[in-house]
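# here is a sequence with its predicted model. Questions after.
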There are 2 protein chains.
Amino acid sequence: MVASRASVSVATVSLVASGKTDGRVSADTVIRVQQAIADLHYVVNRVASSLATGSSNFVILVAPDISNPFFARVIAGVREALGSSYQLLLSVTDSGQMPQLESVRELLAFRPAGLLVDAPSARLMQSLVVDEPIVFLDAPGADAGAPAVNLDVVRGAEALAVHLAERGHRTVAYLDSVTAASTFALRRRAFLAKAQECGMSPIETPRARSTIDVGSAATEFAKVWPAWQRAGVTAVVCATDTHAYGVLQVAHSLGVRVPEQLAVSGFDDLPFSAMSHPSLTTVELPARKLGRAAADLLVALIEGRAPDSGPPLMPSRLIIRDSTGGFVNGAA
Amino acid sequence: MVASRASVSVATVSLVASGKTDGRVSADTVIRVQQAIADLHYVVNRVASSLATGSSNFVILVAPDISNPFFARVIAGVREALGSSYQLLLSVTDSGQMPQLESVRELLAFRPAGLLVDAPSARLMQSLVVDEPIVFLDAPGADAGAPAVNLDVVRGAEALAVHLAERGHRTVAYLDSVTAASTFALRRRAFLAKAQECGMSPIETPRARSTIDVGSAATEFAKVWPAWQRAGVTAVVCATDTHAYGVLQVAHSLGVRVPEQLAVSGFDDLPFSAMSHPSLTTVELPARKLGRAAADLLVALIEGRAPDSGPPLMPSRLIIRDSTGGFVNGAA
DNA sequence: CTGAAAGCGCTTACAG
DNA sequence: CTGAAAGCGCTTACAG
């Protein structure tokens, strides 16, 4: 420990470096040590420090599909809640891949103060039983035991089905995400069930799905559209706004007018959705709030405090815009 | 070390766990120890291991503006090159913020095997003198000393200026990014200089800049457009494709026809750019290749190998699409 | 082939 | 107020 050389002491440097000097070190030496630290550009080795104390002050967030803009907002919320107490490190999977159990285990071996896992598969949640603080985000279906913060996607999906039914749609289709995250399975199921209940016929084949990027979504939609069109589809609901942009794009290219010939909608309410042409009807999902709530919960767990309340469910909200606006058929 | 209890040894467990058993441990004990490891779900504590060996096997990538889709592709390239030898951890700044020296120092305190810094400010590069392996990405202006992998944005920016001049444009404007990354400063300077050289008049006030998201870009463009229009601007070059999407959007809303009344272009060639309406002229930047080259260089540095070649400069390429296509004025 | 021992750089009671 | 010492969980020469 070089700093000790500079002045004359050893454990004292540790005290000074960590600011635990309240009446344990004289003002003189504090200054002298700080000087030495500054001179030598000394930075405490967190690895050693973490080993010695058995604790750390960083949090790892595991997430799939970082290219989803929704995700950037979740991160912003997490950082907000973490403040300066904990540093955030991200671990991302390849596009379209889910985080695997083994890689989460490896991450745990870094001994973070806590772990945040976004959009896990149901399987991951079940098999991941550890005593480290861990919180799942956007993980519907987590058994009650696992701490999780969820989005109320069901309410939004149902509102969307009702909205389309009211607009007179009869035959609807769904463009899904390929990732196995349970949130996507839930969105789809909730929408299809409610659609059925409202008297609409959801077309389930061909099944359409793509990764969360505009290009893939466009390609996929272009592939299935002929069949859907023959089946009489007048509305397509997409797993995310990003998928919907792809649909809007292809529809435009093909001369399919939105919303007159085809209603389009998504989930997320990304900023662009208010400005696309036509503007996009979507289920608003409070990404930032989700991130904040998850991080708050994690910090409570880390610090051994009981979470303030029960399992939070962030409300979703249907935002009706032009992409589903103009369709009128029979009644409505 | 619990595993030692399960069988009967101590250092042997370490040998087995790290697979260094070539004729140092009998097949029998290897199996016995592996059994114990499996039974106890034992995972080597990387913190302790890292302290003992003085090395680690993870790399930290520091980056601003994770919401930029360009970035997701850079990451994909980095992961490709890192393979399974090194794990990747990300540290992101808040939107529009640059990585700060202090936070990079804190990251170094985790003792990663190496550090990758994307789009650093010139100041960061200068003040960051450390002996840990570190590679800058997309960091034009790095003094020759610092290992860096760059994009040849100058060539692309100049080709764009020439293209617009050939199309007959006389008065052009630039929509910049707010981040202080040197790559953005360079794109702008290179374009403006070449524009001047080609006999065009770049309008420099009002200066337009926004964060890298469609919404902010749209707002900013809406604000400056009246002045630009009065000044006779017929072409706007954007720092990224994302900015250009915002411009396209607002132009559409305002009834400004692209490219007839206004030519629009960007940098990146994001997947969506081929499919927007009109499709977007852009300077293709090889994001994935950039990530791969940077990671390759970093690994070479970590492993003490001399880098294969000189400082790599990834080529950029002008892709001409409809958003600048139709404008004809005088000659051309 | 296997175990005992030292050491990685810190932190934290514990004596002085 | 300050220093000496033990210990965090590993790894790596070094003896047996």
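Good, I have the coordinates.
# flag every buried residue along stretch A:210-227.
Neighbour-count burial for stretch A:210-227, counted by 16 or more other CB atoms under 10 Å in any protein chain shown, picks out A:210-218, A:220-222, A:224-225. Where C-beta positions appear, they are placed from N, C-alpha and C, glycine not excepted.
# do the same with stretch A:45-54
Buried residues in stretch A:45-54 (16+ other CB under 10 Å): A:N45, A:R46, A:V47, A:A48, A:S49, A:S50, A:L51.
# so which of these are in helices?
A:R46, A:V47, A:A48, A:S49, A:S50, A:L51 (DSSP state H).
# next, the contact list for A:L164, please.
A:V172, A:A195, A:C198, A:M200, A:A235, A:V237, A:A263, A:S265, A:T324 (CB atoms under 8 Å, 6 or more residues apart in numbering or on different chains).
# between the residues you listed, which sits nearest B:T183?
A:S265 (36.9 Å; CB to CB).
# leaving out sequence neighbours, find the closest residue to that closest one.
Closest residue to A:S265 apart from its sequence neighbours, by CB to CB, 6 or more residues apart in numbering or on different chains: A:T281 at 4.3 Å.
# same check, this time on A:V172
Of all residues not flanking A:V172 in the chain, A:A235 sits nearest, at 4.5 Å (CB to CB, 6+ apart).
# how near is the one you found to A:Q261?
10 Å (CB to CB, to the nearest Å).
# chain center to the strand ranked longest in chain A: distance?
What stands out as the longest strand in chain A, according to DSSP state E, is strand A:201-210. Relative to the mean C-alpha coordinate of its chain, strand A:201-210 is positioned 25 Å out (CA atoms, centre = their mean, to the nearest Å).
# mind listing what that strand pairs with, with the direction of each?
Applying DSSP bridges, strand A:201-210 is found paired with strand A:171-177 (parallel).
# ok, and for the strand it pairs with, which residues are buried?
Buried residues in strand A:171-177 (16+ other CB under 10 Å): A:V172, A:A173, A:Y174, A:L175, A:D176, A:S177.
# name the residues that touch it?
Looking at what lies outside strand A:171-177 - CB under 8 Å, 6+ apart - the contacts are A:164, A:184, A:188, A:191-192, A:195, A:200-204, A:207-212, A:217, A:220-221, A:224, A:228, A:231-240, A:243-244, A:247.
# and the next helix or strand past the lowest-mean-pLDDT helix or strand in chain A?
Least confident helix or strand of chain A, by mean pLDDT, DSSP states H and E, is helix A:2-6 with a mean of 66. As assigned by DSSP states H and E, the chain's next helix or strand after helix A:2-6 is helix A:11-17.
# that following helix near DNA strand D at all?
Yes. Counting by CB under 7 Å from any atom of the strand, DNA strand D is contacted by helix A:11-17 at A:A11, A:T12.
# and which of the buried residues of stretch A:45-54 is nearest to A:D131?
For the buried residues of stretch A:45-54, the nearest to A:D131 is A:S50 (17.5 Å; CB to CB).
# verify the stated contact: the closest one with A:R111.
Yes. Assessed by CB atoms under 8 Å, A:S50 is found in contact with A:R111 at 6.2 Å.
# for chain A, what spans make up the strands?
A:58-63, A:87-92, A:114-118, A:134-137, A:148-151, A:171-177, A:201-210, A:235-238, A:263-268, A:281-284, A:313-314, A:317-319.
# also compute the angle for the second one relative to strand B:58-63, please.
Okay, so that is strand A:87-92. Angle, strand A:87-92 to strand B:58-63, by axes from the mean of the first three to the mean of the last three CA atoms, to 10 degrees: 100 degrees.
# residues of strand A:87-92 that come out buried?
For strand A:87-92, by 16+ other CB under 10 Å, it's A:Q87, A:L88, A:L89, A:L90, A:S91, A:V92.
# picking up where we left off before, for the contacts of A:L164, pick the one with the most neighbours.
Within the contacts of A:L164, most neighbours by other CB atoms under 10 Å in any protein chain shown means A:V237, with 31 neighbours.
# report the contact partners of that residue.
So A:V237 contacts A:A157, A:L160, A:L164, A:V172, A:A173, A:Y174, A:L175, A:F191, A:S265, A:G266 (CB under 8 Å, 6+ apart).
# and those residues as JSON lines, adding distance to B:P69 and pLDDT?
Formatted as JSON lines, these follow (distance: CB to CB, whole Å; pLDDT from 0 to 100):
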{"residue": "A:A157", "distance to B:P69": "26", "pLDDT": "98"}
{"residue": "A:L160", "distance to B:P69": "26", "pLDDT": "98"}
{"residue": "A:L164", "distance to B:P69": "30", "pLDDT": "97"}
{"residue": "A:V172", "distance to B:P69": "29", "pLDDT": "98"}
{"residue": "A:A173", "distance to B:P69": "26", "pLDDT": "98"}
{"residue": "A:Y174", "distance to B:P69": "24", "pLDDT": "98"}
{"residue": "A:L175", "distance to B:P69": "19", "pLDDT": "98"}
{"residue": "A:F191", "distance to B:P69": "27", "pLDDT": "98"}
{"residue": "A:S265", "distance to B:P69": "22", "pLDDT": "98"}
{"residue": "A:G266", "distance to B:P69": "17", "pLDDT": "97"}
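# let's have those residues in JSON lines, adding distance to B:R257.
Formatted as JSON lines, the contacts of A:V237 follow (distance: CB to CB, whole Å):
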{"residue": "A:A157", "distance to B:R257": "38"}
{"residue": "A:L160", "distance to B:R257": "34"}
{"residue": "A:L164", "distance to B:R257": "33"}
{"residue": "A:V172", "distance to B:R257": "35"}
{"residue": "A:A173", "distance to B:R257": "33"}
{"residue": "A:Y174", "distance to B:R257": "35"}
{"residue": "A:L175", "distance to B:R257": "31"}
{"residue": "A:F191", "distance to B:R257": "38"}
{"residue": "A:S265", "distance to B:R257": "28"}
{"residue": "A:G266", "distance to B:R257": "28"}
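# of those residues, closest to A:A11?
For those, the nearest to A:A11 is A:G266 (58.5 Å; CB to CB).
# wait, the closest one sits on A:A244?
Yes. Counting by CB under 8 Å, A:G266 does reach A:A244; the two are 3.5 Å apart.
# who has more neighbours, those two?
Set A:G266 next to A:A244 and count neighbours by other CB under 10 Å: A:A244 wins out with 30 against 27.
# contacting residues around the more buried one?
Contacts of A:A244 by CB under 8 Å, 6+ apart are A:L175, A:A217, A:C238, A:V264, A:S265, A:G266, A:S273, A:L280, A:T282, A:S323.
# remind me which residues of the stretch 1-150 of chain A are low pLDDT?
A:1-9, A:142-145 (pLDDT under 70).
# related to what we said a few turns ago, export the strands of chain A to a markdown table and tack on distance to B:V130?
A markdown table is the format used below for the strands of chain A (distance: least, CB to CB, whole Å):
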| stretch | distance to B:V130 |
| --- | --- |
| strand A:58-63 | 20 |
| strand A:87-92 | 18 |
| strand A:114-118 | 29 |
| strand A:134-137 | 33 |
| strand A:148-151 | 38 |
| strand A:171-177 | 41 |
| strand A:201-210 | 43 |
| strand A:235-238 | 46 |
| strand A:263-268 | 40 |
| strand A:281-284 | 44 |
| strand A:313-314 | 42 |
| strand A:317-319 | 48 |
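# run a quick neighbour tally on the residue lying closest to A:A222 once chain neighbours are set aside.
What sits nearest to A:A222 in space, not counting adjacent residues and going by CB to CB, 6+ apart, is A:V250, at 4.9 Å. Residues contacting A:V250 under the criterion other CB under 10 Å number 19.
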